[in-house]
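**Student:** next come a sequence and a model predicted from it.
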Amino acid sequence: MERLLERIGKARTEAKQLQAERHRLRVAVVAAEGRVHQAAREREVLSARIKELEQENEVLRKAAASFGAPSREGTKERIDELVQEIDQCLALMNS
């Protein structure tokens, strides 16, 4: 009979430990779910901010184009013209 009582006592102790572990895991799951929801909200906010910045960037590009800002191709051509003028000046100096 003592052996049976001893086994029942061990089973109760083990059950209490398992309940405590279950409670600890539930708390951890709730905390992890909270972090997931927070990360999702941050992602939404950042995505919205990226869209705003992309729109602002597009507006700035259009504004720069409308003010006659040279494009990259135009800038390269202008540099080529300046290099040719410098070469001509050097040629005149050397002759």
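**Tutor:** Alright, I've got the coordinates.
**Student:** could you use CA atoms for every contact and neighbour count after this?
**Tutor:** OK.
**Student:** and the helix or strand that contains residue 83, average pLDDT?
**Tutor:** Assessed by DSSP states H and E, residue 83 sits inside helix 72-94. On average, the pLDDT along helix 72-94 is 81.
**Student:** buried residues, that helix. List them.
**Tutor:** Residues of helix 72-94 classed as buried by neighbour count (16 or more other Cα atoms under 10 Å): none.
**Student:** going forward, count from 56.
**Tutor:** Sure, I'll start numbering at 56, so the last one becomes helix 127-149.
**Student:** need the CA coordinates for it. CSV is fine.
**Tutor:** The C-alpha coordinates for helix 127-149 follow below in CSV (Å, rounded to 0.1, in the frame of the first residue of the first chain):
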residue,chain,number,x,y,z
ARG,A,127,22.4,62.4,-66.8
GLU,A,128,22.7,62.1,-70.5
GLY,A,129,22.7,65.8,-70.8
THR,A,130,25.3,66.1,-68.1
LYS,A,131,27.6,63.6,-69.9
GLU,A,132,27.2,65.5,-73.1
ARG,A,133,28.1,68.8,-71.4
ILE,A,134,31.2,67.2,-69.8
ASP,A,135,32.3,65.9,-73.2
GLU,A,136,31.9,69.4,-74.7
LEU,A,137,34.0,70.9,-71.9
VAL,A,138,36.7,68.3,-72.3
GLN,A,139,36.8,69.2,-76.1
GLU,A,140,37.1,72.9,-75.3
ILE,A,141,39.9,72.1,-72.8
ASP,A,142,41.7,70.0,-75.4
GLN,A,143,41.4,72.9,-78.0
CYS,A,144,42.8,75.3,-75.4
LEU,A,145,45.7,73.0,-74.7
ALA,A,146,46.4,72.6,-78.4
LEU,A,147,46.4,76.4,-78.9
MET,A,148,48.8,76.8,-76.0
ASN,A,149,51.2,74.1,-77.3
